[in-house]
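Novice: Quick one: sequence and predicted model below, then my questions.
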Amino acid sequence: GAGVSQSPSNKVTEKGKDVELRCDPISGHTALYWYRQSLGQGLEFLIYFQGNSAPDKSGLPSDRFSAERTGGSVSTLTIQRTQQEDSAVYLCASSSSGVGETQYFGPGTRLLVL
Amino acid sequence: AQSVSQHNHHVILSEAASLELGCNYSYGGTVNLFWYVQYPGQHLQLLLKYFSGDPLVKGIKGFEAEFIKSKFSFNLRKPSVQWSDTAEYFCAVISPFGNEKLTFGTGTRLTIIP
């Protein structure tokens, strides 16, 4: 079956522009996560969706970051007024319902803010 | 809050050498533990996981890890490495009774010399 997919694979943008990153989780997975992988910071949790519950946004670094998940499937991470420090690889993961279940990662979107 | 430490940032070994990568976590409660691997140009893949039971878990490609609760450790081992094991390895922990966030270590870059 298909794994987690993300688009675009690469995004170059100018400082101050908004960007949208998309994640398609594994079919049937109710939990969806966004992480950021950057040099010097490792892998950081950003946001977590589980079913119809309110998302856990505790990892979002600023109010310029937001995410939504439509229909319990596809998710979009939006970064407004991008800054150079937003440059990173943004990873999406999904897991089946159940606490502590294995998270399966997508290939990531490499974002470069000039 | 939970945290994960990987003390080896970059390990260089010759083929057929034995491997042990350290992972220590800080969290007082029950945890699920994971090792993920990221091969060059590829996305994060699950190597192995520990949820409960036998503290010695075996994963793909001949890797194993031992959960030692008293030492808060989950070290990764392989008796004889291959050139194809060149990758970055991440230890991660999640509390099954917590907020579902995977907390990652900073990763260990493994380079195998043919």
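Specialist: Yes, it's here. Values in this document were obtained by computation on a predicted structure and should not be read as measured data.
Novice: residues touching residue 24, list them.
Specialist: This is for chain A. A:4-6, A:73-74, A:106 (C-beta atoms under 8 Å, 6 or more residues apart in numbering or on different chains). Yep, even glycine has a C-beta here, placed from its N, CA and C like the rest.
Novice: Switch to chain B, please.
Specialist: B:N24 sits next to B:4-5, B:7, B:71-74 when contact means C-beta under 8 Å, 6+ apart.
Novice: Give me the subset of these lying in strands.
Specialist: The members of the contacts of B:N24 that map onto strands under DSSP state E are B:4-5, B:73-74.
Novice: By neighbour count, which of those wins?
Specialist: Counting neighbours by other C-beta atoms under 10 Å in any protein chain shown, B:F74 leads these with 29 neighbours.
Novice: partners of it in the sheet?
Specialist: B:F67 (DSSP bridges).
Novice: Would you check how far apart it and B:N32 are?
Specialist: Applying C-beta to C-beta, to the nearest Å, the value for B:F74 to B:N32 is 10 Å.
Novice: okay, and the common contacts of those two?
Specialist: B:50, B:93.
Novice: quick revisit: out of the contacts of A:D24, which are buried?
Specialist: Among these, the ones that count as buried by 16 or more other C-beta atoms under 10 Å in any protein chain shown are A:4, A:6, A:73, A:106.
Novice: got CSV for the residues you listed, with pLDDT, secondary structure and distance to chain B too?
Specialist: Formatted as CSV, the buried ones among the contacts of A:D24 follow (pLDDT from 0 to 100; DSSP: H, G, I helix; E, B strand; the rest coil; distance: C-beta to the nearest C-beta, whole Å):
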residue, pLDDT, secondary structure, distance to chain B
A:V4, 95, coil, 8
A:Q6, 97, strand, 9
A:S73, 90, coil, 18
A:G106, 95, coil, 6
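Novice: ok, the residues you listed vs A:S95, which is closest?
Specialist: A:V4 (10.0 Å; C-beta to C-beta).
Novice: ok now do the closest residue to B:H10 other than its chain neighbours, which residues does it touch?
Specialist: Among residues not flanking B:H10 along the chain, B:R109 sits closest, at 4.6 Å (C-beta to C-beta, 6 or more residues apart in numbering or on different chains). By C-beta under 8 Å, 6+ apart, the residues touching B:R109 are B:9-11, B:88.
Novice: got the buried residues for the host helix or strand of B:R109?
Specialist: Using DSSP states H and E, B:R109 falls within strand B:108-113. Within strand B:108-113, the residues scored as buried using 16+ other C-beta under 10 Å are B:108, B:110, B:112.
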